[in-house]
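> sharing a sequence plus its predicted fold:
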Amino acid sequence: IDAASPGVVAAPIVPVDRDGPLPLSFAQQRLWFLTQLDPGSVEYNLPARIRLAGDVDVVTLAAAVGLLVARHEVLRTRLVADADGVPWQVVDPPAAVDLPLIDLSGEADPAAAAQAWLAADAVVPFDLAAGPLLRATLLRVTSDEHVLALATHHVMGDEWSVGILRRELESLYVACRDGVEPGLAPLSVQYADFAVWQRQWLTGTVLEGQLGYWRQRLAGVPVLELPTDRPRPAVRSTDGAGFEFVVPADVVDGLRALSRSCGVSMFMTMFAAFNVLLGRYSGQDDIAVGTLIANRNRAEIEGLIGFFINTLVLRTDLSGDPTFAELLGRVRGETLAAYANQDLPFERLVDELDVGRDRSRTPLFQVLFTYVTSDADDRAVVDMSAGLSEPVKFDLSVAMAETEGELAGVVRYSTVLFDDDRMVRLVGHFQR
């Protein structure tokens, strides 16, 4: 049942005929469109690094990667436009996967050489039409330490997918090594089936109900004007940098107690504090910030690799000099209402709201905040520090995760706009 349209029952996702053209999901369509505007862009590359200890059988590992690609159609899918310029999914048949081995063990500093190689691979563009949209390379750091570097495009997967990929690849490798059948349950549907279902379901009253909420909520949404060290360029740059920070355990304990007393989640508390910070930096009391949600609210897609993650825009009202407890109440109401309307893809929302094509900024929001709880399924968790050298998608993003009682954070920012010392001060203020 759709939370935003009570009484509307969503049909199950079922396999569809593969004889006809397969549409893109709304999220895929948006990224495909952006890629047409900037064919060489690497902004939506999705790298994953799997560290392997001990001896690694390269032939067996290549076979396991091949089985993974055969299991998940999306990993052997290309996005091809027809004569009218309309993109469709083309699923290629399963085939052997090439897994080149790069031996860095003879380098003066093998670990540094591996990091440099991974950083370079992360910015190699994909051709969505030609494919393949999955790159796999094995790096030998020492005789008993390897890194499996996997890279794909965001049209093929998301952070939750990376967790699925890691777990299933481990299972498949062990099965191939031991000569037994993998213990993975068959997939009832594939990503293309979800794309067809999404386009059939997100219509009529369901679509209008969620669109109506977002139209009203984001009407007149302001641009967040943080102080910058340089003028904003006419075309947004992906040049960026980042660093890690920590909120100590004693502070986290106090935050948990505050969250419990106010009946809010830790995400809501941290998000409210972050908005206070942004309000003080910008001098604004109407703050729009993006956040990510797994958007896997159907059993059929929990185990699928694919692009399901959705972006929500949360608008925080700082007017009237509220107490922090009052602000938490506002954030709680805003967050729960957004969750009830989370099914509308952000890409579809941008199209429906007819956001102006301002190439100097991302549409609707320019700052992203994400938070992963300690009890979250590891399918949603990635190595936050792994992306420090990758292109930045926003002016500023902060990612936080609960780990061993502390909060681990990563801040990433546009170096075209901000100097490093300004961001260090900002994070220091956030920690304080």
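Received, thanks.
> and Ala27, that's in a strand?
No. Assessed with DSSP: H, G, I helix; E, B strand; the rest coil, Ala27 is helix; it does not lie in a strand.
> isn't it up against Phe307?
Yes. Using CB atoms under 8 Å, Ala27 is in contact with Phe307, at 5.0 Å. Quick note: C-beta positions are derived from backbone N, CA and C, even for glycine.
> which of the two has more neighbours?
Between Ala27 and Phe307, Phe307 has the larger neighbour count (other CB atoms under 10 Å), namely 30 against 24.
> returning to that earlier point: overlap in contacts of Ala27 and Phe307?
Here Ala27 and Phe307 share the contacting residues Val155, scored by CB atoms under 8 Å, 6 or more residues apart in numbering.
> what mean pLDDT does stretch 37-53 have?
Stretch 37-53 comes out with an average pLDDT of 89.
> span of that stretch from start to end?
42 Å (CA to CA, to the nearest Å).
> so which elements touch the helix or strand of the chain with the lowest mean pLDDT?
Within the chain, no helix or strand scores below helix 346-352, which has a mean of 85 by mean pLDDT, DSSP states H and E. Helix 346-352 sits against helix 26-37, helix 204-217, strand 310-317, with contacts defined as 3 or more CB pairs under 8 Å, 6 or more residues apart in numbering; DSSP states H and E.
> as a whole number, average confidence for the very next helix or strand once past it?
Using DSSP states H and E, the helix or strand that follows helix 346-352 in sequence is strand 367-372. Averaging pLDDT along strand 367-372 gives 94.
> between strand 367-372 and strand 310-317, how many degrees?
Per axes from the mean of the first three to the mean of the last three CA atoms, to 10 degrees, the angle that strand 367-372 makes with strand 310-317 is 110 degrees.
> how far off centre is strand 367-372?
Going by CA atoms, centre = their mean, to the nearest Å, the spacing between the C-alpha centre of strand 367-372 and its chain's C-alpha centre is 10 Å.
> contacts for that strand, please.
Contacts for strand 367-372 (CB under 8 Å, 6+ apart): 224, 226, 266-267, 270-271, 274, 278, 289-292, 311, 380-381, 393-402.
> so where do the strands sit in the stretch 251-400 of the chain?
Under the criterion DSSP state E, counting those that start in this stretch, the stretch 251-400 of the chain contains strands at 286-293, 310-317, 367-372, 396-403.
> TSV for those, including mean neighbour count?
Converted to TSV, those look like this (neighbours: other CB atoms under 10 Å):
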stretch	mean neighbour count
strand 286-293	20
strand 310-317	20
strand 367-372	21
strand 396-403	21
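> so where is the stretch 301-432 of the chain shaky, pLDDT-wise?
Scanning the stretch 301-432 of the chain for pLDDT under 70 picks out 356, 374-390.
> same thing with the stretch 51-200 of the chain?
The stretch 51-200 of the chain contains no residues with pLDDT under 70.
> for it, which segments count as helices?
Using DSSP state H, counting those that start in this stretch, the helices of the stretch 51-200 of the chain run over residues 58-71, 110-121, 159-178, 191-201.
> buried residues of the shortest one, list them for me.
Judged by neighbour count using 16 or more other CB atoms under 10 Å, the buried positions of helix 191-201 are 191-198, 201.
> list the contacts for the closest residue to Ser237 other than its chain neighbours?
Setting aside the residues directly before and after it, Ser237 is nearest to Val416 in space (CB to CB, 6 or more residues apart in numbering), at 4.3 Å. Val416 makes contacts with 230, 233, 237, 239, as judged by CB under 8 Å, 6+ apart.
> ditto for Leu133
75, 77-78, 126, 152-153, 155-156.
> and these, which of them are in strands?
If you go by DSSP state E, the contacts of Leu133 have 77-78, 152-153 in strands.
> what is the nearest of those residues to Val58?
Checking the ones in strands among the contacts of Leu133 against Val58 with CB to CB, the nearest one is Thr152 at 20.5 Å.
> so what's that closest one bridging to?
Taking DSSP bridges as the rule, Thr152 bridges to Leu46, Leu134.
> count of neighbours near it?
Thr152 has 25 neighbours, counted by other CB under 10 Å.
> what of Val97?
Neighbours of Val97 (other CB under 10 Å): 21.
> surely it meets Val69?
Yes. Under the criterion of CB under 8 Å, Val97 makes contact with Val69 at 5.8 Å.
> between these two, what contacts are shared?
In contact with both Val97 and Val69: Leu134, using CB under 8 Å, 6+ apart.
> circling back: contacts for the least confident helix or strand of the chain next, please.
For helix 346-352, the surrounding residues in contact (CB under 8 Å, 6+ apart) are 26-27, 29-31, 202, 211, 214-215, 310-313, 363-364.
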